[in-house]
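Asker: Predicted model, plus sequence, below.
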Amino acid sequence: MEPAIADDLTNVSYLTLVLIGDGGASPHELVDMHRRGARIYYSVAASRLYAEPKRLERLGYVRSEKRPGKTRERTFYTLTARGRAALRRWALEPPAFPRIHNEAVLKLMSGDIVGDDRQLLQSLLQLRDEIDVEQAKRREARERYEAIPHRRRYLLLVHRLGVRLLDVHREWLDEVERELSQPPA
């Protein structure tokens, strides 16, 4: 019999449970995994990833133990049967359509108010540097998948989506640059 599932889990809760996964993780490792790859799919403040495991433990979804760290003991979290059941149930529900919070789109939409396409373009094209950084993170993450063979198949599928999303953003910026470099029609 599966443990009862409460309605007290948020998207950050599920992100935390997914990142903890079968191998377990410390809060620092959760933040590191998020920065290395998950950030492109789901944005959350690092402080929430430090706090959420404690909340999940109080609710019975994870358990903690102290493990030696480099300089001091660290808290390490693993899923409980209740956490596994909640994650399994949630993962098998149909997903909502992805929400996109793209500040560049809003800034471009304000172009008629800005009135200076060159300045607006310069601002938008700075995203290319961030895309380069994110692409480097994708390459680094890809190299780590061999160390987690039980997740490799799934991580590769997510990886390919991330690569495509970055490619689409770069192509879109190229289009914006071509259009805004020309005089208005």
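Answerer: Yes, it's here. Since this is a predicted model, take the numbers as computed values, not measurements.
Asker: neighbours around the closest residue to residue 111 other than its chain neighbours, how many?
Answerer: Excluding the flanking residues, the one nearest residue 111 by CB to CB, 6 or more residues apart in numbering is residue 120, at 5.5 Å. (Each C-beta comes from the backbone N, C-alpha and C, glycine too.) Residue 120 has 18 neighbours, counted by other CB atoms under 10 Å.
Asker: Residue 120: what's it in contact with?
Answerer: 107, 108, 111, 114, 180 (CB atoms under 8 Å, 6 or more residues apart in numbering).
Asker: Pull out the buried members of those residues.
Answerer: Neighbour counting over the contacts of residue 120 (16 or more other CB atoms under 10 Å) leaves 108, 111, 180 as the buried ones.
Asker: Would you mind giving the secondary structure of the first one?
Answerer: Using DSSP: H, G, I helix; E, B strand; the rest coil, the secondary structure recorded for residue 108 is helix.
Asker: how about the strands in the chain?
Answerer: For the chain, applying DSSP state E gives strands covering 62-67, 74-79.
Asker: then the worst-scoring helix or strand of the chain on mean pLDDT to CSV, C-alphas only?
Answerer: Least confident helix or strand of the chain, by mean pLDDT, DSSP states H and E, is helix 27-36 with a mean of 89. Taking Å, rounded to 0.1, in the frame of the first residue of the first chain, the C-alpha atoms of helix 27-36 are listed here in CSV:
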residue,chain,number,x,y,z
PRO,A,27,21.6,21.2,-0.1
HIS,A,28,24.9,22.4,-1.6
GLU,A,29,24.7,19.6,-4.2
LEU,A,30,21.1,20.6,-5.0
VAL,A,31,22.1,24.2,-5.7
ASP,A,32,25.1,23.0,-7.7
MET,A,33,23.0,20.6,-9.9
HIS,A,34,20.5,23.4,-10.4
ARG,A,35,23.2,25.9,-11.5
ARG,A,36,24.9,23.4,-13.8
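Asker: Name the residue most distant from the centre of this protein?
Answerer: For the chain, the C-alpha farthest from the mean C-alpha position belongs to residue 185; by CA atoms, centre = their mean, that distance is 39.2 Å.
Asker: give the contact list for that residue.
Answerer: Applying CB under 8 Å, 6+ apart, no residues qualify as near residue 185.
Asker: Would you mind measuring from it to residue 35?
Answerer: The gap separating residue 185 from residue 35 is 42 Å, by CB to CB, to the nearest Å.
Asker: Next: residue 54.
Answerer: From residue 54 to residue 35 the distance is 20 Å (CB to CB).
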